[in-house]
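Enquirer: Turn this into a model:
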Amino acid sequence: MTFKERCQWAWQKNQSLLCVGLDPEPGRLPRSCANNQLNVAVELFCMGIVDATAPYCCAFKPQIAHFAALGLESTLESICRHIKATHPDHLLILDAKRGDIGSTARNYAKEAFERYCADAVTLSPYMGGDSLSPFLDFQDKGIFLLCRTSNPGGDDLQMLALEGGERLFERVARLANEHWNHSGQVGLVVGATYPAELAKVRAIAPDLPLLVPGIGAQGGDLNGAVTAGRDANRQGLFINSSRAILYASGQDDWAQRASDVAHETRDAIAASLII
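Expert: The predicted structure is shown next:
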């Protein structure tokens, strides 16, 4: 499959636009996991979350820093292999936010797509098109470019007005849609916390897949984000939720509660699609 087809398959096969983020924090792991060595605890927890939420989501998004800071890159490899082996209809998005050129970018691409077997990776676009090319050389893989991020500090650069009045985030969306997406491999990261800007991005890039963080713990407006960001086929979105699902319970029912919240979120997204 091409990356575009891979996205469409994930949405349709799973009947969901929910993406579950995997951001393990040792201090928040349930006791039944935390009683093990750290690598075992994180692996048990993340694999448990994956299996519990898979019926209600279309993608998983492990955040590499949450593993690398703990020296658990090998654990992340195991989790990624588990996702690919047991839930092959789900998209695996490595949240790495890389951005560099030349041999460094080529090695980052190998890390994402060969070491971690990701279907897509998040990247910073601010070094331009040549920093993206090594990732696009993996022709069945995708990239999600930071465009209008969910954090307040994103205003510092992303809202800068360029000549002619276009904002920087709009220029990124336009470049992604018109210049960088030659083979249908490019998507954009746009936060649910800014539905007005999300609507502008969708208008500029009507067919690009959008990775949308910011619902749940970050307080983004789910209905507003879905309405603003859905494509003409009422798809086109990977709505990410991390902490609200991961840490729905710290007790023995943690996996069931994560499943319940994922189910509720999947249904809430579906309800927003028909408004």
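Enquirer: Spit out the contact partners of residue 133.
Expert: Listed by C-beta atoms under 8 Å, 6 or more residues apart in numbering, the contact set of residue 133 reads residue 105. From N, CA and C alone the C-beta is placed, and that goes for glycine too.
Enquirer: how near is it to residue 120?
Expert: According to C-beta to C-beta, to the nearest Å, residue 133 stands 16 Å off from residue 120.
Enquirer: Same question for residue 256.
Expert: Look at residue 256 and residue 120: by C-beta to C-beta, they are 29 Å apart.
Enquirer: out of those two, which sits in the more crowded spot?
Expert: residue 120 (29 against 13; other C-beta atoms under 10 Å).
Enquirer: That one reaches residue 144, doesn't it?
Expert: Yes - using C-beta atoms under 8 Å, residue 120 is in contact with residue 144, at 5.9 Å.
Enquirer: Which parts of the stretch 51-200 of the chain are helices?
Expert: With DSSP state H, counting those that start in this stretch as the criterion, the stretch 51-200 of the chain has helices at 64-68, 73-86, 102-110, 133-136, 155-158, 168-175, 195-204.
Enquirer: May I see the buried residues of stretch 60-76?
Expert: For stretch 60-76, the neighbour count (16 or more other C-beta atoms under 10 Å) marks 60, 61, 62, 63, 64, 66, 67, 70, 72, 75, 76 as buried.
Enquirer: Mind putting those into CSV with distance to residue 265 and pLDDT?
Expert: Shown next, in CSV, are the buried residues of stretch 60-76 (distance: C-beta to C-beta, whole Å; pLDDT from 0 to 100):
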residue, distance to residue 265, pLDDT
60, 14, 98
61, 14, 98
62, 18, 98
63, 18, 98
64, 23, 98
66, 20, 98
67, 24, 98
70, 27, 97
72, 27, 98
75, 26, 98
76, 24, 98
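Enquirer: State the pair within those residues that is farthest apart.
Expert: 60 and 70 (18.6 Å; C-beta to C-beta).
Enquirer: tell me how far the ends of stretch 181-192 are from each other?
Expert: One end of stretch 181-192 sits 23 Å from the other (C-alpha to C-alpha, to the nearest Å).
Enquirer: quick one: average pLDDT of that stretch?
Expert: Stretch 181-192 shows a mean pLDDT of 95.
Enquirer: Quick check: the gap between residue 231 and residue 271.
Expert: Distance of residue 231 to residue 271, given as C-beta to C-beta: 18 Å.
Enquirer: Comparing these two, which residue is more hemmed in?
Expert: Under the criterion of other C-beta under 10 Å, the comparison of residue 231 against residue 271 puts residue 231 first, with 15 against 12.
Enquirer: Hmm, residue 207 and that one touching each other?
Expert: Yes - counting by C-beta under 8 Å, residue 231 does reach residue 207; the two are 6.4 Å apart.
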